[in-house]
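**Q** Sequence first, then the predicted structure:
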Amino acid sequence: MEKLSKLPKLYLAVVFVILYAPIFYLIFYSFNSGGGMSNFESFTLEHYAAVFEDTRLLVILINTIVVALLSALISTAIGVLGAIAILFMRNKAMRNAVLSLNNILIVSPDVIIGASFLILFTMIGVKLGFASVLISHIAFSIPIVVIMVLPKLQEMSPTLVDAALDLGASKRDVLTRVIIPFIKPGILAGFFLALTYSLDDFAVTFFVTGNGFSTLSVEIYSMARAGITLTINALSGLIFLVTVVLVIGYYAISRKTKSPLAGVRK
Amino acid sequence: MKEIVRGAIVIMIVSAILLLINAKLNEGGGSAGKNSITVYNWGEYIDPDLLKQFTQETGIKVVYETFDSNEGMMGKVEQGGTAYDISMPSEYMIEMMAEKDLLLPIDYSKVPNAKNIDPYFLDLPFDPKNKYSLPYFWGTLGIAFNPTLLDGQTFESWDNLWDPTLAQQVVLVDSARESIGMGLNSLGYSLNSTNLAELREATDKLKTLSPNVKAVIGDEVTQLMVNGEAAIALTWSGQAADMMYENEDVDYIVPEEGSNLWFDNMVIPRTATNIEGAHAFINFMLDAEVAAQNADYVGYSTPNQAALDFMDPEVTADERFYPDEETRDHLEVYKNLGLEMLGVYNELFLEFKMDMK
C-alpha cells in the first residue's frame, strides 16, 4: 500500500479519537472511587467487584453470552445453507423473490419484529424465556448471515463445482470440500456479525424476555432510568474487553484460513 | 470444513459450561422452584438484600425482572407470556390496567401491614379505595436548580422561571402533561383541567417562557444537571434526588402554587399464579423496617408512615422530599383524562415546541 500523506493520516486520527473517546471516557470513570462521572477521585476496582458480587447481574451477563454464541452458531448454519439454496435456484423470479424477502427482514424495524414474536409466542404457548429469546435472535440473524455469505458464493466460479463433479466428487463432497472451504471467510464474517447483533439487541429482546430470563441490553436500559451508575460503566468496560477479544480472535482465524489449505482458491 | 465443525463443537461446549455455571448461580431459582413469585419492577428500584431477606423469612423464592417504561410493562403483562405476580406501575397506568381488567383485587386480610401507610396516600382517584394497588414510592414534580451557576435567583413559585435573567437556562421535560401542567399550575388552575380556555391560556403563558428554555428533553437531564451543564430543570423529585446525590450543589423545590403528586404502586397482575405469595410480598414490603431500608437504598420518598421512625431524621425532615401539610394540600394527582383530552394536551405541547426558536 502507498504511504499515506500527512493530511489523511490526521483525518484518520481525528475520526478514531471521536469514535473511541466516549468508550475510553466511560471505562476511565469505571475506576473512579467517587460516586459519579463528574470528577475523578482515586483508582478503585470496587465497581468491578460489585458486578461480580451481584449474582443476578452475572447470571444475566452469562445469559447474554450464551444466547449470542448459540444464536450465531445456529443462524450461521441455517444462513449458509439458505444462501447456497438461493444460489442454485433455477427459477430467477423465485430467487429474486427469496432474496427480497431476506432483505426486507434486515431493514424492517426491530420493534415490529419483537412485537410480532411476542404475539406469536404467546399465541402458540411458548413460554417466554431462554427458548423464545434464542429463537428470535436466530431469526433476525439468519438474513444477516445470508447477506454476508451470498457475495462469496457468487464470486465462486461455477466451473469449480462442475470440475469437481466431473472428477467424480459426490454432491456431499462438493459441498464440504469445495463450496464450504471457498466461502469460509464469508461464513466467519456472518458468524461474528450475528454474534454482535445478538449481543446488543434491545428492541426485539425486550419483548421476548420473561420468566426471570433477561439479557444485558434489557437490564441496562432499565437500570439507566435511575441515572447511569458506575456499575454500568464497569459492566460496559467488561463487554468492551470481550468484544476486543472477539475481534482479535476473528483476525487470528481469518488470517489462518487465508493460508495454504484453500487449495481451490485462485 | 473440519475446522468449522471443530469451532462449532467448541462453541457448544463453552455454552454448555456457561449454562451449567448459570444453573449453579441460580441455585434452583428461576421458574424451577415451586414456591416462587415473579416480580416485575423498574430498574434499580429495590434493595436487592430485601429480596434475599424475603426468601429467608417466607421460603418463597423471588424471580426478579425489570422494565424501563409503564407502556412496555403493560404490553408484556397484557400478552401474558410470563406469569408476573407483582408489578409496580405508576398511577395513570393502574387506571388503564384496571380498565383493561389486567389486575387482581388485593385481599386486605392478607396484608395487615397496610395499616402502616399514611392515609394521605390512600383512596385516591386513580384507584378508589385502593382496590388494586398499594403505594410503593411517591414524589412530586418541581424545580431542580444549581445556585452556583445562577447569581442569587431563588425559586418559590413557578413564575420565577419566567425571570428574564434566566435566558437559555431552563431545561423542560419532554412530556405534555408535565409541561402544560406547569403552565396551568402557574395560573392557579387544576392540573387535570379539561377547560379549553384554561388550556389555551396555559399554553400561551408557556410560550412566553420560550426565551428561557434551553432544551426540552427526557431522562438525559439528570446527567446535564450533574455535570453542571444545565442550571435549572423541571423534573420529578426522584430524578432530583439522583442529581443531588451526585452533585451536592443541586437543590430542589416544590413551587407554592402546587404541583403534581406521582406514585409508583404495587399491584397483582391478572397473570399471577402465586397469589398467596404476591400478598406475602406486598405485606413484607410494607413492613416498617423493610420499607425504611428500601427507602434508604432507593432514595425516593416512602408513603409508609411507620417506616419514617426507622429512617435518618435528617432525611425525613427534608421538606423537599417529605413536604409539609401545606405544600401537600396543593399537590394534585393526575386523573385519566381520556384519549381525546390527552390528544389536546399533546397538540398544545407540540404547538409550544414548534413556537420555540
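**A** Okay, I see it.
**Q** And the residue in the stretch 151-266 of chain A positioned nearest to chain B, how far from residue B:300?
**A** Of all residues in the stretch 151-266 of chain A, residue A:222 sits closest to chain B, with a separation of 3.0 Å (C-beta to the nearest C-beta). Where you see a C-beta, it was placed from the backbone N, CA and C, and this is true even at glycine. Counting by C-beta to C-beta, to the nearest Å, the gap between residue A:222 and residue B:300 amounts to 16 Å.
**Q** so who does the residue of the stretch 151-266 of chain A closest to chain B touch?
**A** Residues near residue A:222 by C-beta atoms under 8 Å, 6 or more residues apart in numbering or on different chains: B:42-44, B:66-68.
**Q** can you do 7 Å?
**A** Under the criterion of C-beta atoms under 7 Å, 6 or more residues apart in numbering or on different chains, the neighbours of residue A:222 are B:42-43, B:66-68.
**Q** go on, residue B:195?
**A** If you count contacts by C-beta under 7 Å, 6+ apart, then residue B:195 has nothing around it.
**Q** Distance of it relative to chain A?
**A** Taking C-beta to the nearest C-beta, to the nearest Å as the measure, residue B:195 and chain A are separated by 34 Å.
**Q** Show me what the strand or helix carrying residue A:137 is packed against.
**A** Under the criterion of DSSP states H and E, residue A:137 resides in helix A:130-155. In terms of contacts (3 or more C-beta pairs under 7 Å, 6 or more residues apart in numbering or on different chains; DSSP states H and E), helix A:130-155 is packed against helix A:55-87, helix A:92-107, helix A:110-124, helix A:180-200, helix A:203-208.
**Q** how about the shortest one, does it reach chain B?
**A** Yes: on the criterion C-beta under 7 Å from any C-beta of the partner chain, helix A:203-208 is in touch with chain B at residue A:206.
**Q** mind checking how far the helix or strand following that helix is from the chain centre?
**A** Per DSSP H and E, the first helix or strand lying C-terminal to helix A:203-208 is helix A:216-224. Centroid separation for helix A:216-224 versus its chain: 19 Å, with C-alpha atoms, centre = their mean, to the nearest Å.
**Q** With just CA atoms, put helix A:216-224 into PDB.
**A** Coordinates of each C-alpha in helix A:216-224 appear next as PDB, following Å, rounded to 0.1, in the frame of the first residue of the first chain:
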ATOM      1  CA  LEU A 216     -27.800  -7.300  29.400                       C
ATOM      2  CA  SER A 217     -29.200  -4.800  27.000                       C
ATOM      3  CA  VAL A 218     -32.700  -5.100  28.600                       C
ATOM      4  CA  GLU A 219     -31.200  -4.800  32.100                       C
ATOM      5  CA  ILE A 220     -29.000  -1.800  31.300                       C
ATOM      6  CA  TYR A 221     -31.900   0.000  29.700                       C
ATOM      7  CA  SER A 222     -34.000  -0.300  32.900                       C
ATOM      8  CA  MET A 223     -31.000   0.500  35.100                       C
ATOM      9  CA  ALA A 224     -30.200   3.600  33.200                       C
END
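**Q** Which is the succeeding secondary structure element to it?
**A** Tracing the chain C-terminally past helix A:216-224 and defining elements by DSSP H and E, one meets helix A:230-258 next.
**Q** List the buried residues for that following helix?
**A** A:230-239, A:253 (16 or more other C-beta atoms under 10 Å in any protein chain shown).
**Q** Okay, now the unreliable bits of the chain?
**A** You didn't pick a chain, so chain A it is. Flagging of chain A using pLDDT under 70 yields the residue ranges A:1-4, A:35-38, A:225-228, A:257-266.
**Q** nope, chain B
**A** Applying pLDDT under 70 to chain B picks out residues B:27-34, B:357.
**Q** For my notes, confirm residue B:257 occurs in a helix.
**A** No: for residue B:257, which was evaluated using DSSP: H, G, I helix; E, B strand; the rest coil, the result is coil, with no helix membership.
**Q** In contact with it, which residues?
**A** Neighbour list for residue B:257: B:157-158, B:185-186, B:188, B:330 [criterion: C-beta under 7 Å, 6+ apart].
**Q** Could you do residue A:32 as well?
**A** Applying C-beta under 7 Å, 6+ apart, we find residue A:32 in contact with A:40-41, A:230.
**Q** So which bits of the stretch 1-150 of chain A are right by chain B?
**A** Looking at chain B, the residues of the stretch 1-150 of chain A close enough under C-beta under 7 Å from any C-beta are A:35-36, A:38, A:55-56, A:58-59, A:62-63, A:65-66, A:69-70, A:73, A:118-119, A:121-122, A:128.
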